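Peer 1: Need coordinates for the below:
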Amino acid sequence: MADKNDKVPENAPGKYYIDNSCVPCNDCLEEAPTLLKYTDDESKVFFHRQPASPEEAIAARKAMEICPVEAIGSDGE
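Peer 2: The predicted structure is shown next:
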């Protein structure tokens, strides 16, 4: 389960976030390519922006469900 106290610092403020347990496997990027990006050193993925439509919220939830290390959370602030 993602830890909102251990967020990747590049995450855009809001409900969805990725924590530092991310192992950039690329699965989430396939589900939500408009919301997610790699950090500059490509060691983690982060939400560069929050969902702005119902379709994007669905994509964010799908990315969260597919994450093999459960690094994506939806209880951010």
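Peer 1: what sits opposite the residue nearest in space to the middle of the chain in the beta ladder?
Peer 2: The residue lying closest to the centre of the chain (C-alpha atoms, centre = their mean) is residue 18, at 4.1 Å. Beta-bridge pairing for residue 18 (DSSP bridges): residue 72.
Peer 1: just checking, it touches residue 43?
Peer 2: No. Here residue 18 does not reach residue 43: they are 11.6 Å apart, not a contact under C-beta atoms under 8 Å. In this view, the C-beta of every residue, glycine as well, is placed from N, C-alpha and C.
Peer 1: The longest helix seen in the chain: how far from the chain's middle?
Peer 2: Ranked by residue count and defined by DSSP state H, the top helix of the chain is helix 54-66. Distance of helix 54-66 from its chain centroid, counting by C-alpha atoms, centre = their mean, to the nearest Å, is 9 Å.
Peer 1: hmm, who's touching that helix?
Peer 2: Contact with helix 54-66 is made by 2, 16, 27-29, 31-32, 34-36, 47, 51, 72-74, as judged by C-beta atoms under 8 Å, 6 or more residues apart in numbering.
Peer 1: what about dumping the CA coordinates of it to CSV?
Peer 2: Output in CSV follows, covering the C-alpha atoms of helix 54-66 (Å, rounded to 0.1, in the frame of the first residue of the first chain):
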residue,chain,number,x,y,z
PRO,A,54,-13.8,11.2,-15.2
GLU,A,55,-11.9,9.4,-17.9
GLU,A,56,-8.5,10.5,-16.5
ALA,A,57,-9.7,9.5,-13.0
ILE,A,58,-10.5,6.0,-14.3
ALA,A,59,-7.0,5.8,-15.9
ALA,A,60,-5.4,6.8,-12.6
ARG,A,61,-7.4,4.1,-10.8
LYS,A,62,-6.4,1.5,-13.4
ALA,A,63,-2.7,2.5,-13.0
MET,A,64,-3.1,2.1,-9.2
GLU,A,65,-4.6,-1.3,-9.6
ILE,A,66,-2.0,-2.6,-12.0
